[in-house]
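[1] build me a model from this:
(one chain, ligands or ions: 3)
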Amino acid sequence: MGHTVRVAVATLNQWAMDFQGNLERILRSIEIAAANGATYRTGPELEVSGYSCEDHFHEPDTYLHCWEVLLELMRAPAAQNMLIDVGMPVQHRNVAYNCRVAFYNASIVLVRPKMIMCDDGNYRETRWFSPWTKERQTEELQLPRFVALALAQETVPIGDAVIATRDTCLGYEICEELWNPRSKHIDMSLAGVEIIVNGSGSYMQLRKAHITTDLIRNASYKAGGAYLFANLRGCDGQRVYFNGCSAVALNGQLVARGRQFALGEVEVTLAAFDLQDIRAYRGALRSRSSLAASTPTYPRIQLPIELAGPAASWPPPPAEPHATSPAGDWEYHRPEEEIALGPACWLWDYLRRSGQGGFFLPLSGGVDSSSTAIIVHSMCRLVVEAVAAGDCQVRDDCRKILADPAYVPSGAGDLCGRLLFTCYMGTENSSRETRARAAALADQIRSHHLSIGIDSAVAALLAVFRLATGQTPRFRADGGCPRQNLALQNIQARTRMVLAYLFAQLMLWVHGRPGGLLVLGSANVDEALRGYMTKYDCSSADVNPIGGISKVDLRRFLAYAQREFSLPIVAEIVQAPPTAELEPLVDGALAQTDEQDMGLTYAELSEFGRLRKQAFCGPFSMFCKLAAAGGGRDPAEVADKVKHFFRCYAINRHKMTVLTPSYHAESYSPDDNRFDHRPFLYRANWTWQFRAIDAELEPLTRHYQQQQQQQQQQQQGQQTPPPCDSEPASGNDEPAPAQPATGLDHSAAPFFSRPLTTTTTMSGAASAHHLYLAAGDGQLTVAGGGLTKSQSSGGYSRMHSSVMGKIKDRTGVPV
Ligand SMILES: Nc1ncnc2c1ncn2[C@@H]1O[C@H](COP(=O)(O)OP(=O)(O)OC[C@H]2O[C@@H]([n+]3cccc(C(=O)O)c3)[C@H](O)[C@@H]2O)[C@@H](O)[C@H]1O
Ligand SMILES: Nc1ncnc2c1ncn2[C@@H]1O[C@H](COP(=O)(O)OP(=O)(O)OP(=O)(O)O)[C@@H](O)[C@H]1O
Ligand SMILES: NC(=O)CC[C@H](N)C(=O)O
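    Ligands and ions are numbered 1, 2, ... in the order given. As a prediction, the model looks like this:
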């Protein structure tokens with residue numbers, strides 16, 4: 001008798017409503033598990049139906065087909081003599097639950113419904129499912145008649161129970177239950193559950209991967225035991241990319257892990273661990289043991305089998321290409337790598353599942369469309385690597401897309417030349433430089449490139465207008481008013497979109513291939529937020545891989561791609577000032593740059609975007625935060641920028657309702673369709689809110705002016721005493737914090753570039769607000785205790801300004 005258990009954790013690239021494909025992928029993972037001697041197999045959340053079925057979870061068919069798939073799995077030869085659980089929706093007494101269903105041979109052992117739902121970000125679980133709220137209770141689930149008949153089993157326990165085998169005990173927490181402060185693994189592990197299993201549907205966001213790993217590691221460190229985390233990976237039919245990273249942790253250490261980004265549809269992470277190590281570890285945690293002694297027990301479903309076996313009986317380590325182990329050191333991808341890999345994998349899923357023959361991209365030679373082109377190139381690199389590594393699924397998908405049954409890519413360039421069609425669409429306002437940059441990039445990534453002129457199309461449309469109205473609109477440079485100037489820009493931009501769809505439909509016909517191309521969009525998140533885009537121009541496309549990524553991160557990505565993918569032209573693309581090139585040159589010089597046009601820099605926009613969505617700031621608190629961060633800026637200037645931003649945002653919010661579906665990469669995404677639910681008809685002058693800013697501005701401006709005077713005096717060599725309200729309170733100064741690990745790019749942040757310390761404490765709601773405010777980046781950097789309450793009793797606003805006066809930067813200068 002051994003004590004060592006070998007477990008298999010499956011990472012699956014499932015597809016919502018693809019019951020056939022999902023069944024095959026689950027089966028494949030079971031076969032790999034069996035071939036590698038695992039006695040237990042688990043997989044991701046809702047793996048049978050796919051996670052993103054959404055309102056299909058209201059359809060009885062979805063439940064029916066899940067039970068049908070389950071029966072198929074239970075009958076499979078590879079599934080015999082192994083404890084297996086799968087994620088699927090189950091209805092019990094007219095309530096739908098998101099469940100793990102455990103079975104052994106021909107018997108369903110337990111149905112464990114999810115107890116804590118996820119409703120943040122892109123998640124909407126309570127729209128379809130209810131949480132199981134009866135703690136440590138089970139009921140009998142009446143199996144559907146055809147299942148009962150097939151299995152000769154009428155009912156199965158459903159509820160908050162665990163499975164006790166002869167040698168160990170196993171329990172479930174499903175995805176969000178790990179993220180919640182009352183995580184289910186805590187009570188279960190105190191009640192003697194040794195193996196905690198988490199089937200997840202966790203999607204990727206930039207800089208998020210470490211969170212899941214930390215949670216798993218911490219869970220098994222504090223509670224002891226084995227923690228099995230199985231996640232989905234890829235695009236299952238929605239904007240998100242499921243994040244992979246399935247892992248096994250034991251007593252605080254990761255012992256096996258799967259990949260975050262990969263094209264393979266099935267990956268099985270194997271791990272073996274000694275149950276005695278869990279017992280020894282837990283026994284030595286004395287505080288845990290005394291708590292465990294008084295912890296109420298769970299209903300235990302007795303299963304008379306053994307999960308452990310003598311290691312000698314196992315087959316030799318896997319020759320399987322899809323099996324990975326062990327963990328080694330967990331390496332996180334940097335954000336720029338995440339951009340290179342995540343959207344690339346997502347695009348691959350989208351392309352092969354859409355049945356289209358490739359991509360068409362209007363390539364302007366600017367940062368955004370170039371980033372999109374390079375992401376497709378990155379996708380081609382991944383495809384070539386996977387084919388070279390022997391992934392037949394990827395090879396076959398590739399052949400199907402290209403309609404070439406014998407195709408083997410000779411390199412990423414070769415594949416890119418067949419999959420990606422780029423097109424520069426110049427007008428008389430386009431410069432030689434952007435045309436040349438687009439051509440050079442196409443050459444370096446080896447896309448199939450065209451460079452065309454669209455002036456005749458624009459002229460034809462304007463002729464129709466002239467004929468109908470007798471009027472000829474003029475550019476500003478020729479004496480036209482802003483309305484005419486804008487209309488003349490937008491007609492160029494929209495003509496590009498019409499032509500893009502024409503070329504996408506016909507380019508494969510021209511090349512003698514069947515099918516059409518998906519049109520790629522490259523509008524970026526910040527421009528969308530500001531409304532600096534033409535509705536239904538090339539920002540409207542079939543799909544947009546960069547629509548959730550800020551310009552700041554895109555630039556980092558381009559720098560990375562230049563190096564890693566050897567694309568020298570990218571240096572020029574990054575350095576060139578972003579411009580739309582829709583207005584005529586003035587005296588041969590560029591008359592239009594994006595930042596000038598927008599009245600905001602991209603760095604500022606990025607900051608506003610974060611404050612609006614991630615910090616939930618309205619105009620007033622956005623102003624307060626930015627004014628507090630100071631950076632030596634005139635508060636009046638900050639107020640103007642904030643108002644300008646909110647005005648533009650309000651006027652243009654309607655554009656978010658028709659944003660092209662894009663890869664979800666950031667929690668500040670303004671995607672109105674799924675993620676950022678707001679009105680699209682605003683009172684754009686924000687009367688009430690802007691008045692609050694103005695009231696706040698007055699004392700701040702006074703203070704700012706004082707400060708300016710002081711600095712001038714200091715510069716003139718005069719020693720002047722500091723104003724009384726900026727006197728440091730002794731003992732309260734803390735050293736300036738190290739650069740916080742919040743993901744904020746301080747090098748690019750215009751307002752928050754200086755970490756702050758404060759010399760005051762505050763009380764009540766206002767103080768909490770402003771403590772955070774002073775830090776400006778989610779990190780409290782405030783000296784503790786010892787200060788009097790604000791003298792102000794005159795309400796929120798006055799208290800705020802008195803506090804503001806006491807906030808200092810690291811050199812002690814009040815801001
Ligand atoms: N609340 C509301 N709900 C629904 N629709 C609303 C609306 N308010 C206006 N509209 C409609 O929206 C339309 C106006 O939006 P739109 O046509 O986009 O036009 P508009 O926003 O006026 O102009 C496009 C903007 O993009 C900028 N731009 C500059 C350079 C390059 C590019 C580029 O794309 O290459 C763009 C340009 O400077 C300008 O700020 C109109 O049809 C109007 O009736
Ligand atoms: N001269 C052009 N040729 C081809 N496509 C263009 C051209 N100008 C613009 N586009 C397309 O229209 C989209 C929106 O144009 P816009 O001027 O707003 O560019 P952008 O969002 O700043 O992107 P980029 O950085 O790629 O120029 C671009 O991303 C690109 O796909
Ligand atoms: N499916 C879920 O329960 C998601 C849980 C979690 N909040 C995540 O982002 O991964």
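
[2] so the nearest residue to Gly366 once chain neighbours are set aside is in which element?
    Distance criterion CB to CB, 6 or more residues apart in numbering; nearest residue to Gly366, sequence neighbours excluded, is Pro578 at 5.9 Å. (Each C-beta comes from the backbone N, C-alpha and C, glycine too.) Pro578 belongs to no helix or strand when assigned by DSSP states H and E.

[3] what's the span of stretch 245-252 from first residue to last?
    17 Å (CA to CA, to the nearest Å).

[4] typo on my end, it should be stretch 466-476
    Rule used - CA to CA; the end-to-end distance of stretch 466-476 is 18 Å.

[5] what parts of the stretch 601-750 of the chain come near ligand 1?
    Asn652, His654, Phe680, Leu681 (CB under 6 Å from any ligand atom).

[6] would you say the second one is within a strand?
    This means His654. No. Looking at His654 with DSSP: H, G, I helix; E, B strand; the rest coil, it is helix, so not inside a strand.

[7] can you show me the strands along the stretch 101-250 of the chain?
    Along the stretch 101-250 of the chain, counting by DSSP state E, counting those that start in this stretch, strands occupy 107-113, 138-142, 155-159, 162-164, 169-172, 195-200, 226-231, 233-234, 242-243, 247-250.

[8] looking at those strands, which is closest to Ala692?
    Checking the strands of the stretch 101-250 of the chain against Ala692 by CB to CB gives strand 242-243 as the closest, at 40.1 Å.

[9] contacts for that closest one, please.
    13, 44, 51, 201-204, 208-209, 212, 231-236, 260 (CB atoms under 8 Å, 6 or more residues apart in numbering).

[10] with adjacent residues omitted, what lies nearest to Asp119?
    In space, Asp119 is closest to Thr126, 5.5 Å off (CB to CB, 6+ apart).

[11] what stretches of the stretch 451-600 of the chain score poorly on pLDDT?
    588-591 (pLDDT under 70).

[12] just give the number of residues close to the single nearest residue of it relative to ligand 3.
    In the stretch 451-600 of the chain, the residue that lies nearest ligand 3 is Gly548 (15.2 Å; CB to the nearest ligand atom). For Gly548, the tally of surrounding residues (other CB atoms under 10 Å) stands at 27.

[13] leaving out chain neighbours, which residue sits closest to it?
    Ala665 (3.8 Å).

[14] what's the helix or strand for the one you found?
    Judged by DSSP H and E, Ala665 forms part of no helix or strand.

[15] pretty sure it sits against Ala340.
    No. Using CB atoms under 8 Å, Ala665 makes no contact with Ala340, being 11.9 Å away.

[16] the more surrounded of the two?
    Taking neighbours as other CB under 10 Å, Ala665 and Ala340 compare with Ala665 leading, 30 against 25.

[17] does the closest residue to Leu520 other than its chain neighbours count as helix, strand or coil?
    Nearest residue to Leu520, sequence neighbours excluded (CB to CB, 6+ apart): Leu361, at 4.4 Å. For Leu361, the assignment made with three-state DSSP gives strand.

[18] find the closest residue to ligand 2 in the stretch 401-550 of the chain.
    For the stretch 401-550 of the chain, CB to the nearest ligand atom, closest residue to ligand 2: Cys538, 3.1 Å.

[19] surely that residue is in contact with Ala500?
    Yes. At 6.0 Å, Cys538 and Ala500 qualify as touching, with contact defined as CB under 8 Å.

[20] neighbour-wise, which of those two wins?
    Cys538 (28 against 24).

[21] quick check: closest non-adjacent residue to the more buried one.
    Pro362 (4.6 Å).

[22] check what pLDDT Ala312 gets.
    pLDDT for Ala312: 56.

[23] the one 5 residues further on too?
    Predicted confidence (pLDDT) for Pro317: 51.

[24] try Leu170
    98.

[25] tell me, how many residues neighbour it?
    Leu170 has 27 nearby residues by other CB under 10 Å.

[26] quick revisit: spit out the contact partners of the residue nearest to Gly366.
    Gly366, Val367, Lys551, Thr593, Asp594, Glu595, Tyr602.

[27] and the residues you listed, which is closest to ligand 1?
    After measuring those against ligand 1 - CB to the nearest ligand atom - the closest member comes out as Asp594, at 7.0 Å.

[28] need the contact list for the residue of the stretch 651-800 of the chain found nearest ligand 3.
    Going by CB to the nearest ligand atom, ligand 3 is nearest to Ser667 of the stretch 651-800 of the chain, at 10.3 Å. Residues in contact with Ser667 (CB under 8 Å, 6+ apart) are Gly121, Gln205, Lys613, Gln614.

[29] and with 6 Å instead?
    Going by CB atoms under 6 Å, 6 or more residues apart in numbering, Ser667 touches Gln205, Gln614.

[30] and if you look at the one 5 residues further on?
    For Asp672, the contacting residues are Met656, Thr657, by CB under 6 Å, 6+ apart.

[31] tell me which element it falls in.
    Counting by DSSP H and E, Asp672 is found in no helix or strand.

[32] give me the phi and psi for the residue positioned nearest the centre of the chain.
    Against the mean C-alpha coordinate of the chain, by CA atoms, centre = their mean, the closest residue is Gln205 at 2.3 Å. Gln205 adopts backbone torsions of phi -130, psi 150, taken as degrees, to the nearest 10.

[33] how much space between it and ligand 2?
    22 Å (CB to the nearest ligand atom, to the nearest Å).

[34] cool, and Ala35?
    47 Å.

[35] and if you look at Pro661?
    16 Å.

[36] for the stretch 551-700 of the chain, which segments count as helices?
    551-564, 569-575, 594-598, 602-609, 619-629, 635-652, 687-715 (DSSP state H, counting those that start in this stretch).

[37] go on, the stretch 401-550 of the chain?
    Under DSSP H, counting those that start in this stretch, the stretch 401-550 of the chain gives helices at 412-419, 432-445, 455-469, 482-510, 525-530.

[38] export those helices to CSV and tack on distance to ligand 1?
    Shown next, in CSV, are the helices of the stretch 401-550 of the chain (distance: least, CB to the nearest ligand atom, whole Å):
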stretch, distance to ligand 1
helix 412-419, 25
helix 432-445, 12
helix 455-469, 13
helix 482-510, 4
helix 525-530, 8
